[in-house]
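Model the following, please.
(chains A, B, C and D)
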Protein chains: 4
Amino acid sequence: MKVQKGDTVILIDLKKDLRRIVRALPGEIKIKGVGVFDPSVLIGKEYGEKIKIGQKEYLIEPPSLVEFIRGIRRKTQLILPKDSALMAVYGNLKPGDVVLEAGVGNGALTIVLANFVRPNGRVIGYDVREEMLKYARKHLELYGLKDYVELKLGDVTEGIEEKELDGIYLDLPEPWRVVPHAKESLKPFSYFVAYVPTVEQARKTYLALEGEGFFNLEIFEAIFRNMIVRPLGTRPNHDIIGHTAYIVVGRRGR
Amino acid sequence: MKVQKGDTVILIDLKKDLRRIVRALPGEIKIKGVGVFDPSVLIGKEYGEKIKIGQKEYLIEPPSLVEFIRGIRRKTQLILPKDSALMAVYGNLKPGDVVLEAGVGNGALTIVLANFVRPNGRVIGYDVREEMLKYARKHLELYGLKDYVELKLGDVTEGIEEKELDGIYLDLPEPWRVVPHAKESLKPFSYFVAYVPTVEQARKTYLALEGEGFFNLEIFEAIFRNMIVRPLGTRPNHDIIGHTAYIVVGRRGR
Amino acid sequence: MKVQKGDTVILIDLKKDLRRIVRALPGEIKIKGVGVFDPSVLIGKEYGEKIKIGQKEYLIEPPSLVEFIRGIRRKTQLILPKDSALMAVYGNLKPGDVVLEAGVGNGALTIVLANFVRPNGRVIGYDVREEMLKYARKHLELYGLKDYVELKLGDVTEGIEEKELDGIYLDLPEPWRVVPHAKESLKPFSYFVAYVPTVEQARKTYLALEGEGFFNLEIFEAIFRNMIVRPLGTRPNHDIIGHTAYIVVGRRGR
Amino acid sequence: MKVQKGDTVILIDLKKDLRRIVRALPGEIKIKGVGVFDPSVLIGKEYGEKIKIGQKEYLIEPPSLVEFIRGIRRKTQLILPKDSALMAVYGNLKPGDVVLEAGVGNGALTIVLANFVRPNGRVIGYDVREEMLKYARKHLELYGLKDYVELKLGDVTEGIEEKELDGIYLDLPEPWRVVPHAKESLKPFSYFVAYVPTVEQARKTYLALEGEGFFNLEIFEAIFRNMIVRPLGTRPNHDIIGHTAYIVVGRRGR
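Predicted coordinates for the structure are as follows:
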């Protein structure tokens, strides 16, 4: 399996556990600490090979959900796979669904949602920041998911024009302000899922959902910890992320 | 939205946070502590309504991934949504994939996998226990997913006849014995994902994957904790599951 | 080492991991599921031996901090050793200290504090419930710590008459109401430590401490998890306590 | 409360949450990123005041267990207060105890143990590295605990000359090799406590204790997480330590 012209490739600096997403096309990109690099040199290389760029060695891999998201250089907070996985499953996502996401940011959650609504579903992704939409669009193109996503500039706290949605996924500061609109726009028994950093946001969202008759209400967090395998033994990772966000879930009533 | 004849319905005992999966068809089922109940009485009820059965009140809901899995009465260890969500995303699952699962057990992971490979993918689910295949089949039928799954009696530690798989998902005692077969049966750059309770199993599987040239090796666990909302305040749940399993992930090389 | 008349003994039901605190004196005590038992039969037995009472077998042990606290039958919430250990160390406790505790409850934290202020320090323990003081006193006597503790009926949210305290330890619903009094009663650079179940209580206490010029402010929780050793492998415990409380710490300024 | 000549003082760089332990005596010390500083300028300052050194502002505090240990610049792995607190309480430590510690390292655990065995107890602290003993001695002197500790060069895996010990606390690679000696040197019903990074070490130690008839066997870890208070809300800390060590505990039989 060789790198083709136009492929999106993940370069993994194995020593530092750092990823870099590049497109195998002629051009010049700067890699910090390495210098300028022309990604077209990747064309024709075997995936799984190593390549030396400057003094660093990189593994050449095709994208996968987790490796691609790890490769995104965040311009704003990034929703990690450990959270987007739970949001998708607790949100009852399935292929064919038409779902709304607001606060697309870097597009990391969008990628997971779009991956799973394929081939006949769609993600409608809102953000109030034009530049974040542009940045998310770039990632969706690189991952090959742009046909499943419609990106829109807009503030869903002021209303949602879409109706009959199969799910709503939010990463914005005041998700409770979206709850009344969500009630109108979600199909009965569809899920509302919000990602919020603080306890106060989680509580306020929970109470707003309760007030609008949502049920199966739940707030949770997932503490994700790697185990490290060394010749002398096995132990949990020292460097873990202590907190990303609370996830608030509610199901629309009839 | 009314319950139709033949619908699969989740009855939720809100007081005890217990679920019961029933089919809205004439017949008799026994509910522990309630007595005999004819589920056809559900036909014509509104989803979201409450119904009294014996002395208990139940909420009538359509299935969702999480609520259905919570309703499964486990005959063997059950893979919770918090783990199957991570397995699917770290396994790089997508609609259209053809994946192998072994150790289907109650079918809880199978449901999540089948949900996401729809409409044109397939799960090939193995188990060495005929009765577990039967039990899993029942759940897949109830959830409406049986067309996306092929259940087979067999022991994948002895070999895998399928080739060109997009992923392998294992819940069995010695996943390291499957690694050499997985290497032959997975497409290049596809993922091997194993679910194991103990550190020793995780390490052994990790080392077997390393030995066969798999990369992006990772062992992790997710500690899932609910936050409880009470009038006086918000706090983490007292009753949590301290451990389910470690998840071991590796990507096949070229 | 033989059980002497008057010894406090821990009987451990090894099968069920249950503890029972008894005094080796003639009398009759009821043990649930066992019946009536005269603890004087323990006199002369060897510590470390097993004894059969009814159909159950118990290990005879002398008290230790952890085993004794595990043996307390809680009449109210009980502060576990994993929390009292942290409270003592983060509160900078040392032998000779004179500290105030309020909300003594079952006396589990009192035992840890009194254990460490020995031989020349003192715990002044308040509670607003006469019956809890009585219950705590019983445990302190059984553990042999009553000489290091003065128990008082009173509400420290209304004021603290003691001055020049080396530390204040609180387990009560509104610790922020004690902060102004604590400032007057603590020696400079001594610690205020509160144990609170909810995030809102922790925040309110933190802000009250900040408002009164306390520093080294900190809120934390400790998730305690056992590892289980089985012939086939090692794994974290399934049954863990997901949450006990947040601990709020502040140091009085000059 | 003014700084006296000879006082041990903690300087806290509040911006970076960094601590520096200094002795208020004439001399010159280098502070990284600040330059040379004569600590005698602290004499006569008020504790709780701020002092500017170079471009940085420091808070002047007297030592406390937690702040002092945070100020230690580790030459080897350092046992954090969250672990030493649990070791002390699970080890049933009390004033007057004579306990053995091996692998004293920086002396962080020694400080906690010595703090609590005061005024009439003693810690006998072993290390195989002369330079670590010297480093630990410095910290014990600075904290004012040297009179309660006897530091010895030696390898306790080869034997323990002390007898009738009230507790043994180990931070060394192969604690299971100490178990047979511990059995001879501990008083009946005293505790053996080991601090080990990996699961394999914990298991091996556990089994060695079991083999020598120790009981109340337990392996645990504590995940410590701060809550952060911000104007907009409260959330767990992002930067936490995912793992320090497992603590293995066993009680000697008769």
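
quick one: A:Leu170 and A:Tyr191 touch, right?
No - using CB atoms under 8 Å, A:Leu170 and A:Tyr191 do not qualify as a contacting pair, with a distance of 11.4 Å. Any C-beta I mention is one placed from the backbone N, CA and C, and that applies to glycine too.

Wait, a strand at A:Ile21?
Yes - A:Ile21: assigned to a strand according to DSSP: H, G, I helix; E, B strand; the rest coil.

who touches the residue lying closest to it once chain neighbours are set aside in this structure?
Of all residues not flanking A:Ile21 in the chain, A:Gly71 sits nearest, at 4.2 Å (CB to CB, 6 or more residues apart in numbering or on different chains). Under the criterion of CB atoms under 8 Å, 6 or more residues apart in numbering or on different chains, the neighbours of A:Gly71 are A:Ile10, A:Arg19, A:Arg20, A:Ile21, A:Pro63.

Look at the first one and say how many residues are nearby.
The one in question is A:Ile10. Residues within reach of A:Ile10, counting by other CB atoms under 10 Å in any protein chain shown, total 21.

For chain C, what's its nearest residue on the stretch 101-250 of chain A.
Closest approach of the stretch 101-250 of chain A to chain C (CB to the nearest CB) occurs at A:Val199, with a separation of 4.5 Å.

Looking at the closest residue to A:Leu170 other than its chain neighbours now. What's its pLDDT?
The spatially closest residue to A:Leu170, leaving aside those adjacent along the chain, is A:Ala194, at 4.4 Å (CB to CB, 6+ apart). The per-residue pLDDT reported for A:Ala194 equals 98.

A:Ser84 too?
We note a pLDDT of 98 for A:Ser84 in this prediction.

can you count the residues close to it?
Burial of A:Ser84, expressed as a neighbour count using other CB under 10 Å, amounts to 29.

do A:Gly48 as well
Applying other CB under 10 Å, we find 18 residues neighbouring A:Gly48.

same thing with the one 3 residues further on?
Here the neighbour count serves as a burial measure; for A:Ile51 (other CB under 10 Å) it reads 16.

Looks like it contacts A:Ile60 (just checking).
Yes - the criterion here is CB under 8 Å, and A:Ile51 meets it with A:Ile60 at 5.9 Å.

what's the overlap in contacts for those two?
In terms of CB under 8 Å, 6+ apart, A:Ile51 and A:Ile60 are both contacted by the residues A:Leu11, A:Leu42, A:Lys45.

With neighbour count and pLDDT added, can I get the residues you listed in a markdown table?
Compiled in a markdown table, these are given as follows (neighbours: other CB atoms under 10 Å in any protein chain shown; pLDDT from 0 to 100):
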| residue | neighbour count | pLDDT |
| --- | --- | --- |
| A:Leu11 | 23 | 94 |
| A:Leu42 | 25 | 96 |
| A:Lys45 | 15 | 96 |
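
Among these, which ones are in strands?
A:Leu11 (DSSP state E).

Is it possible to get the shared contacts of A:Ile51 and A:Ile60 out as CSV so that each row also shows distance to D:Leu93?
Output for these, formatted as CSV (distance: CB to CB, whole Å):
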residue, distance to D:Leu93
A:Leu11, 53
A:Leu42, 61
A:Lys45, 61
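
so which of the contacts of A:Gly71 comes closest to chain B?
Distances from chain B to those, taken by CB to the nearest CB, are shortest for A:Pro63, at 8.8 Å.

Now name the helix or strand holding the nearest residue to A:Tyr90 once chain neighbours are set aside.
Leaving out its chain neighbours, the residue that sits closest to A:Tyr90 by CB to CB, 6+ apart is A:Val249, at 4.9 Å. With secondary structure defined by DSSP states H and E, A:Val249 is part of strand A:246-251.

on contacts alone, who are the packing partners of that strand?
In terms of contacts (3 or more CB pairs under 8 Å, 6 or more residues apart in numbering or on different chains; DSSP states H and E), strand A:246-251 is packed against helix A:81-90, strand A:186-196, helix A:199-211, strand A:215-230.

and that strand with strand A:186-196, angle?
Counting by axes from the mean of the first three to the mean of the last three CA atoms, to 10 degrees, strand A:246-251 points 170 degrees away from the direction of strand A:186-196.
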